[in-house]
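In: sequence plus the predicted model coming up.
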Amino acid sequence: MVRLVVTDIDGTLTRRRGDLLLELEAIEAIRLLESKGVIVSLASGNSLPVTAGVARYIGARGPVIGENGCLVLHRGVMHHVCNGRPGEELVEALESLGLRQSWQNMFRVHDLSFSGPIELLVEGARLAERMGYAAYLSGYALHVQPRGGGKDAGLMYAARLLGVDLREVAAVGDGGNDIPMLRVAGFSAAPGDADETVKSIVDYVASLPGGRGFSEVARLILSGQASGSRI
């Protein structure tokens, strides 16, 4: 039985992949899950203030996982999953490639985000990894952080805070940075327009895109039909 749903935001709760407008069906699905006793947590590459703000206003009441798993906010307490922050030498190296820092970096503690053409993002990820950092390509940006984070680490930390077994966790996501958490959850799912790599590793692929796909997954969970390799 699923007790906790951990979901990405961009491309999973929005209207479609690449769209930043929240899908109303997804918000309704989150509130339905919560009303039935299923806790919903948001797990995002966004900064913690942005992720927590979205969670509060859409009604997701579980621990908030920000910065790709580096920070978890629960009952007003911020928990640090990661240690440290990418050094200025990495920031300068990425900017020298032509990548631009996200405005959210001023609010970030551990994970930094950069935007630019996809070929530069890929080159930046390789550079960051050579310099000893973890790098994630979300489909929207490049994220770099100290090793030891990732959405899987954030999900596992949140589950421990709630006393929920991983076999009772469902994870939903659409991008490459979601793959770690999708692999550790008892049940994993993706919207119909998710990255092909993501769709190849999840237990269920929705027939609909973005947030409508999330709503489809929520109905599956509430019907008791969600089954995965770990459930």
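Out: In hand now; what should we look at? On a predicted model such as this, the values are computed, not experimentally measured, just so you know. Numbering: from 1, shown residues only.

In: return the distance of stretch 164-173 from the chain's centre.
Out: Offset of stretch 164-173 from its chain centre (Cα atoms, centre = their mean, to the nearest Å): 13 Å.

In: from P86, how far off is the residue of the chain most remote from its centre?
Out: Most distant from the centre of the chain: S96, at 27.8 Å, with distances by Cα atoms, centre = their mean. According to Cβ to Cβ, to the nearest Å, S96 stands 14 Å off from P86. For the C-beta atoms, the positions are set from N, CA and C on the backbone; glycine is no exception.

In: likewise R15?
Out: 32 Å.

In: which of those two has more residues huddled nearby?
Out: Of the pair R15 and P86, P86 is the one with more neighbours under other Cβ atoms under 10 Å, namely 24 against 18.

In: so for the more buried one, what's the pLDDT?
Out: For P86, the pLDDT comes out at 97.

In: residues in contact with G62?
Out: G62 sits next to 4-6, 39-42, 55, 158, 162 when contact means Cβ atoms under 8 Å, 6 or more residues apart in numbering.

In: just for the chain, where's the confidence low?
Out: Under the criterion pLDDT under 70, the flagged ranges of the chain are 228-231.

In: got the domain boundaries for it?
Out: When the chain is parsed with automatic domain parsing, its domains come out as 4-81+149-222, 88-145.

In: buried deepest among those, which one?
Out: Comparing these by mean neighbour count (mean count of other Cβ atoms under 10 Å), domain 4-81+149-222 comes out on top with a mean of 22.

In: and it, end to end?
Out: This stretch, domain 4-81+149-222, spans 12 Å end to end (Cα to Cα, to the nearest Å).

In: how about the secondary structure of R212?
Out: Classification of R212 by DSSP: H, G, I helix; E, B strand; the rest coil places it in helix.

In: contact partners for it?
Out: 15, 23, 25-26, 191, 206.

In: could you export the residues you listed as CSV, including distance to S223 and secondary structure?
Out: Output for those, formatted as CSV (distance: Cβ to Cβ, whole Å; DSSP: H, G, I helix; E, B strand; the rest coil):
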residue, distance to S223, secondary structure
R15, 24, coil
E23, 20, coil
E25, 16, helix
A26, 17, helix
P191, 18, coil
A206, 14, coil
